[in-house]
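Visitor: curious how this folds, go ahead:
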Amino acid sequence: MLKNSDSRHRLIISVAIGVLVCVLLPSWLRLPTRTLCAWNLGADCFLGLTWWIMFRTTPQKMRRFAQLEYQGRVAILTLIIASACASVLAIGFLLTGNTKSLSTILLTLHVTLAVMTIISSWLLVHTIFAMQYARTYYQVSNSNTEQIAGGLDFPNDEEPDYWDFLYFSFVIGMTSQVSDVQTISRSMRRLTLLHGILSFFFNTSILAMSINIIAALI
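Guide: Here you go, the predicted model:
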């Protein structure tokens, strides 16, 4: 497991990889193309590091990770969500203009980048929210008793792991509503409300961008 496993270190590593890729790409590629290449590799790096930690972490270790990643959580959450939304909007700039004048190779590259950006952005947003749910759930509410804050009621599961939080997050991401998991705290309801609203507008943007991609192919 990574020694420095908090979000800030993973974010720094991912940004560094993205910047390096953007610098190394040939200058004849358009800036939006280079930017989206860098974004996708950086986002995939962050997702890979995060999922690697998630799938290897037991509920017993999640309290320590929740406290480790609690500092700076709002700034990181805001930065990554804003970047994901901006990357989806950037697809419009990538696919604007006369696509008929592009060569088959460049058109294939543009469409592939657009599809990859939609997928990586969607996965990134809901993975970050899953981390946020886990942090909020396993935060210590009383320093004297070390009692966790909780806030979500998972059926037949008193010690949810990251798989449970991923399930909750991606269900909201796909349906903009909760499923069989109940929200039982005010802070968790606020976070779920924010997630549901963002998911609605994010999915709408993805639908619009998908139509744009199809139009570019016709």
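Visitor: how far away is the residue nearest the centre of the chain from residue 26?
Guide: Of all residues in the chain, the one closest to the mean position by CA atoms, centre = their mean is residue 124, 1.7 Å from it. Distance of residue 124 to residue 26, computed by CB to CB, to the nearest Å: 26 Å. Every residue, glycine included, has its C-beta placed from N, CA and C.
Visitor: what's the local residue count around residue 16?
Guide: Residues lying near residue 16 (other CB atoms under 10 Å) number 12.
Visitor: let me fix that: residue 126
Guide: 23.
Visitor: for it, give me its contacts.
Guide: 166, 169-170, 172-173, 199 (CB atoms under 8 Å, 6 or more residues apart in numbering).
Visitor: any idea which element it lies in?
Guide: Per DSSP states H and E, residue 126 falls inside helix 104-138.
Visitor: what segments of the protein are helices?
Guide: Here the chain has its helices, by DSSP state H, at 7-24, 31-56, 59-68, 73-94, 104-138, 162-175, 186-217.
Visitor: could I get the ones you listed as JSON lines with distance to residue 155 and mean pLDDT?
Guide: Below are the helices of the chain laid out as JSON lines (distance: least, CB to CB, whole Å; pLDDT from 0 to 100):
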{"stretch": "helix 7-24", "distance to residue 155": "29", "mean pLDDT": "86"}
{"stretch": "helix 31-56", "distance to residue 155": "21", "mean pLDDT": "88"}
{"stretch": "helix 59-68", "distance to residue 155": "16", "mean pLDDT": "72"}
{"stretch": "helix 73-94", "distance to residue 155": "27", "mean pLDDT": "76"}
{"stretch": "helix 104-138", "distance to residue 155": "15", "mean pLDDT": "85"}
{"stretch": "helix 162-175", "distance to residue 155": "10", "mean pLDDT": "91"}
{"stretch": "helix 186-217", "distance to residue 155": "16", "mean pLDDT": "83"}
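Visitor: let me have those helices in TSV, adding distance to residue 153 as columns.
Guide: What follows is these, written out as TSV (distance: least, CB to CB, whole Å):
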stretch	distance to residue 153
helix 7-24	26
helix 31-56	21
helix 59-68	15
helix 73-94	23
helix 104-138	11
helix 162-175	11
helix 186-217	10
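Visitor: how about stretch 15-28: buried residues?
Guide: 15, 17-18, 21-22 (16 or more other CB atoms under 10 Å).
Visitor: related to what we said a few turns ago, which of the contacts of residue 126 sit farthest apart?
Guide: 166 and 199 (14.4 Å; CB to CB).
Visitor: more neighbours: which of these two?
Guide: The residue with more neighbours, out of residue 166 and residue 199, is residue 199; 23 against 20, by other CB under 10 Å.
Visitor: my read: the more buried one touches residue 176, true?
Guide: Yes. Residue 199 lies in contact with residue 176 (CB atoms under 8 Å); the separation is 4.9 Å.
Visitor: re earlier: closest one of the contacts of residue 126 to residue 89?
Guide: Distances from residue 89 to those, taken by CB to CB, are shortest for residue 199, at 16.4 Å.
Visitor: and that closest one, how far from residue 138?
Guide: 23 Å.
Visitor: and residue 59, what does it touch?
Guide: Neighbours of residue 59 in contact, by CB under 8 Å, 6+ apart: 159-161.
Visitor: kindly report the same for residue 80.
Guide: Residue 80 touches 11, 46, 124-125, 128, counting by CB under 8 Å, 6+ apart.
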